[in-house]
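Peer 1: build me a structure from this.
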Amino acid sequence: MTKENNEIVEHLADMELGQEGVVSEKKEEILEEKETEFKETIKEAKAPQKRWYIVHTYSGHENKVKVNLEKRIEHMNMGDKIFRIEVPQKTVTKMKDGKKTDREEKIFPGYVLVEMIMDDDSWYVVRNTAGVTKFVGSAKKPIPAKDSEIKKIIHKTQNQVAKVELDVKAGDKVRIISGPFSEFIGDITEVYPDKSKLRAMVSIFGRETPVELEYKQIQKI
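Peer 2: Here you go, the predicted model:
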């Protein structure tokens, strides 16, 4: 082999070694990236997650606790650990003398829902809010509520149909103010408070006929 050929062979060998070095370096970079991603995933898995917790309050103080806690979150810069406070309520419509009045009624009196990341600081902020008596769970370890249960409660609150209350009983006379029997007078025979309905006997063409009516359709005489 000539001197010139030897130089060419040596040059090609150097190139191959260089390529192997590059490939090896790339492999190391990929492995490092994968290792970093894996560590981040483990870190996220171990990091505290936000969950819903149930807080017990003094009776009738649910809305006050919500307001007080919201002020403390802002004042103590805890917005990154305490996110939402919910007081599940439903609207109740009461009819008296033909007039309707609405009021909000607690679905779970004495309880407030708090979405938060639980640690010593966030626990302190919630637990020491005026009106709060304790977390549901043990004194040292509050128990998070199941997400499925919280979703049902919030869904129920958002889609709550207004309940109507009426101070009537069997034997009372009522005037029907809407529907096909409007302006008829009836005598109540049965009352169904859970359904906001009642049954009354109405004289139609001289014949007593049982009619089922909603509270909103009648006016007590």
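Peer 1: and the most centrally placed residue in the chain, helix, strand or coil?
Peer 2: In the chain, the residue lying closest to the centroid (C-alpha atoms, centre = their mean) is I154, at 3.7 Å. Using DSSP: H, G, I helix; E, B strand; the rest coil, the structure places I154 in helix.
Peer 1: right, and it touches P88 too?
Peer 2: Yes. Using C-beta atoms under 8 Å, I154 is in contact with P88, at 7.4 Å. Glycine gets a C-beta too; all of them are placed from N, C-alpha and C.
Peer 1: show me where this structure has helices.
Peer 2: Along the chain, counting by DSSP state H, helices occupy 3-46, 62-75, 120-127, 147-158.
Peer 1: weakest of these in terms of mean pLDDT?
Peer 2: Among the helices of the chain, helix 3-46 carries the lowest mean pLDDT, a mean of 57.
Peer 1: returning to that earlier point: mutual contacts of I154 and P88, please.
Peer 2: With contacts taken as C-beta atoms under 8 Å, 6 or more residues apart in numbering, I154 and P88 have no neighbour in common.
Peer 1: got the end-to-end distance for stretch 180-200?
Peer 2: Stretch 180-200 has its terminal residues 14 Å apart, counting by C-alpha to C-alpha, to the nearest Å.
Peer 1: sorry, wrong one. I was asking about stretch 85-92.
Peer 2: Stretch 85-92: ends 22 Å apart by C-alpha to C-alpha.
Peer 1: what does stretch 49-63 give?
Peer 2: 26 Å.
Peer 1: from now on call the first residue 495
Peer 2: With 495 as the first residue, the last one maps to stretch 543-557.
Peer 1: in stretch 639-646, what counts as buried?
Peer 2: Residues of stretch 639-646 classed as buried: 639, 644 (neighbour count, 16 or more other C-beta atoms under 10 Å).
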